[in-house]
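Student: Return a 3D structure for these sequence lines:
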Amino acid sequence: MRRPLPRWADLVLLPALNLIMAFGISGLVVLMIGENPLEAYRAIFVGAFGSGDGLGYTLYYATNFVFTGLAVAIAAHGSMFNIGAEGQAYVAGLGVVFVALALDQTNVLIVVPLAVIGAAVFGGIWAGIPGWLQAKRGSHIVITTIMFNFIASALMIFMLNRFLKAPTSNGLESRVLEQAAWMPQLRSFMPIFGHSPVNLSLFLALLLLVGFWLLVWRTRFGYALRTMGQNPTASLYAGMSNERLIIITMTISGALAGLVAVNQILGVNHRLVENFVAGYGFVGIAVALMGRNHPVGIGLAALLFGVLYQGGAEMQFVLPSVNKEVVVVVQALVILFAGAMEGLFRPILERLFMLFPERPRHAAVAAGAAESEG
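Tutor: Residues are numbered from 1 along each chain as shown. Presented below is the predicted three-dimensional model:
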């Protein structure tokens, strides 16, 4: 017989053990190619935080992971597994570039807010269609969102080839946007960030972390969403419309994922390019799982993966024998243990906690009452 883990152990101890295991096995991989694992970890840390440029790149990557992590998390609270954040962010690029190309002769205060809305609308619609298919036709959300990733890729190639490709470019990309459509970068008023691409999208991500908590835990919609996720029959019995909740939730999920396009197009590339999402949507799944679908956990997990992306690139320069493939293996191991195998240590921890007697709830209440009287 096992007892459920205390909340602190589930939210802190279990992810920490998964992370230690991932880095331990990664260290063995580095050791096998003849390098010192401690030196590799030092290179990752210094690359991520040892300079203003490194810190800026770390926060830039983390911004994208916050968007996609929140997108996966809000669907998970409704017991849905959105694997389509990659495609939703990709299609959202059309919403951003349509606004930017039309208005980049005006002012950044006009372009950026409208581009954010455009990204959210296009990403929300692209996710809302699978949501509607599940709610109205019973299609499985995992299958449809995966399929829509491929459709998004084909759609983007078609749009770039036929309508958006710059006449002077040999690649699949739109024309470069005028500076009025560029997301202001933090280095323009915080020189500490050097030449890194971190921009005001970072503050949008931080605001959304707070907004996510308010929406899920402090609103009627959030209560209905969590009720449906835990017991769809109970939510129906209580008079909630599960179909409506599924469609709205998936639309919000896609809108959150779509904001990756704002960071990438307005903040970094300043044009629409093929495959600008670069896997951020899939990493968002691991971010949500590791963060336990809570905004605090998602923020920390996004920062961790930002460290791995930036620090991993730095590690290749410090340790010449560590090539790109080894860095990908290290990142994949963290995703494996934080995502697919996140419950690996749960049975062991549950048995260990059985060794410690659980304090009865009535005893804790009585003790609290006695202290208040004293």
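
Student: From G211, how far off is M228?
Tutor: Remark: distance between M228 and G211 (C-beta to C-beta, to the nearest Å) = 20 Å. Every residue, glycine included, has its C-beta placed from N, CA and C.

Student: Mind checking which of the two has more residues around it?
Tutor: Remark: of M228 and G211, M228 carries more neighbours, 24 against 13, as counted by other C-beta atoms under 10 Å.

Student: Let me know whether that one touches M80 as I believe.
Tutor: No: between M228 and M80 there is no contact under C-beta atoms under 8 Å: 9.4 Å.

Student: tell me, what's touching those two both at once?
Tutor: I246 (C-beta atoms under 8 Å, 6 or more residues apart in numbering).

Student: Now the terminal residues of stretch 330-343, how far apart.
Tutor: Using C-alpha to C-alpha, to the nearest Å, one end of stretch 330-343 lies 19 Å from the other.

Student: just how off-centre is that stretch within its chain?
Tutor: Put simply, stretch 330-343 sits 15 Å off its chain's centre (C-alpha atoms, centre = their mean, to the nearest Å).

Student: buried ones in it?
Tutor: Neighbour counts over stretch 330-343 (16 or more other C-beta atoms under 10 Å) mark 330-331, 333-339, 342 as buried.

Student: for stretch 242-252, same thing?
Tutor: Buried residues in stretch 242-252 (16+ other C-beta under 10 Å): 242, 245-252.

Student: ok, how many other residues are close to G306?
Tutor: Neighbours around G306, by other C-beta under 10 Å: 24.

Student: Excluding chain neighbours, give the residue nearest to it in space.
Tutor: Distance criterion C-beta to C-beta, 6 or more residues apart in numbering; nearest residue to G306, sequence neighbours excluded, is A62 at 3.4 Å.

Student: Helix, strand or coil: sort out that neighbour for me.
Tutor: helix (DSSP: H, G, I helix; E, B strand; the rest coil).

Student: show me the contacts for the closest residue in space to L28 that isn't next to it in sequence.
Tutor: Leaving aside its chain neighbours, L28 sits nearest to P37 (7.6 Å; criterion: C-beta to C-beta, 6+ apart). P37 makes contact with 26-28, 30-31 under the criterion C-beta under 8 Å, 6+ apart.

Student: same deal with I110?
Tutor: Per C-beta under 8 Å, 6+ apart, neighbours of I110: L103.

Student: Let's see that with 10 Å instead.
Tutor: 99, 103-104, 180-181 (C-beta atoms under 10 Å, 6 or more residues apart in numbering).

Student: before we move on, which element is it in?
Tutor: helix 108-137 (DSSP states H and E).

Student: same thing with E35?
Tutor: Per DSSP H and E, there is no helix or strand for E35.

Student: tally of neighbours for the nearest residue to it once chain neighbours are set aside?
Tutor: Nearest in space to E35, with sequence neighbours left out and distances taken as C-beta to C-beta, 6+ apart, is L319 at 5.0 Å. By the criterion of other C-beta under 10 Å, L319 has 19 neighbours.

Student: try G194
Tutor: 15.

Student: Grab the nearest non-local neighbour of it.
Tutor: D53 (3.9 Å).

Student: Now do the same contact list for that neighbour.
Tutor: 47, 187, 192-198, 310.

Student: The helix or strand containing it to helix 108-137, inter-axis angle?
Tutor: Here D53, judged by DSSP H and E, is contained in helix 52-77. Angle, helix 52-77 to helix 108-137, by axes from the mean of the first three to the mean of the last three C-alpha atoms, to 10 degrees: 30 degrees.

Student: Pull out the buried residues from whatever helix or strand comes next after helix 52-77.
Tutor: Using DSSP H and E, the helix or strand that follows helix 52-77 towards the C-terminus is helix 85-103. Within helix 85-103, the residues scored as buried using 16+ other C-beta under 10 Å are 85-101, 103.

Student: what's the answer for stretch 123-138, then?
Tutor: Applying 16+ other C-beta under 10 Å to stretch 123-138 flags 123-135 as buried.

Student: okay if I get these as a markdown table plus distance to E314 and pLDDT?
Tutor: Converted to a markdown table, the buried residues of stretch 123-138 look like this (distance: C-beta to C-beta, whole Å; pLDDT from 0 to 100):
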| residue | distance to E314 | pLDDT |
| --- | --- | --- |
| G123 | 32 | 98 |
| G124 | 36 | 98 |
| I125 | 39 | 98 |
| W126 | 35 | 98 |
| A127 | 35 | 98 |
| G128 | 40 | 97 |
| I129 | 40 | 98 |
| P130 | 38 | 97 |
| G131 | 40 | 97 |
| W132 | 44 | 98 |
| L133 | 43 | 97 |
| Q134 | 42 | 96 |
| A135 | 46 | 96 |
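
Student: just curious, which of the residues you listed is nearest to I74?
Tutor: Closest approach between the buried residues of stretch 123-138 and I74, by C-beta to C-beta: A127, at 10.4 Å.

Student: For I265, see how far away that closest one is.
Tutor: Distance from A127 to I265, by C-beta to C-beta: 19 Å.

Student: What is the burial count for the residue nearest to G306?
Tutor: When neighbours are counted by other C-beta under 10 Å, A62 registers 27.

Student: same thing with S188?
Tutor: There are 10 residues near S188, going by other C-beta under 10 Å.

Student: cool, and the one 5 residues further on?
Tutor: When neighbours are counted by other C-beta under 10 Å, F193 registers 23.

Student: for the strand or helix carrying G284, packing partners?
Tutor: Using DSSP H and E, G284 sits in helix 280-290. For helix 280-290, the elements it packs on are helix 14-32, helix 52-77, helix 85-103, helix 141-159, helix 242-258, helix 260-261, helix 295-318, helix 324-335, judged by 3 or more C-beta pairs under 10 Å, 6 or more residues apart in numbering; DSSP states H and E.
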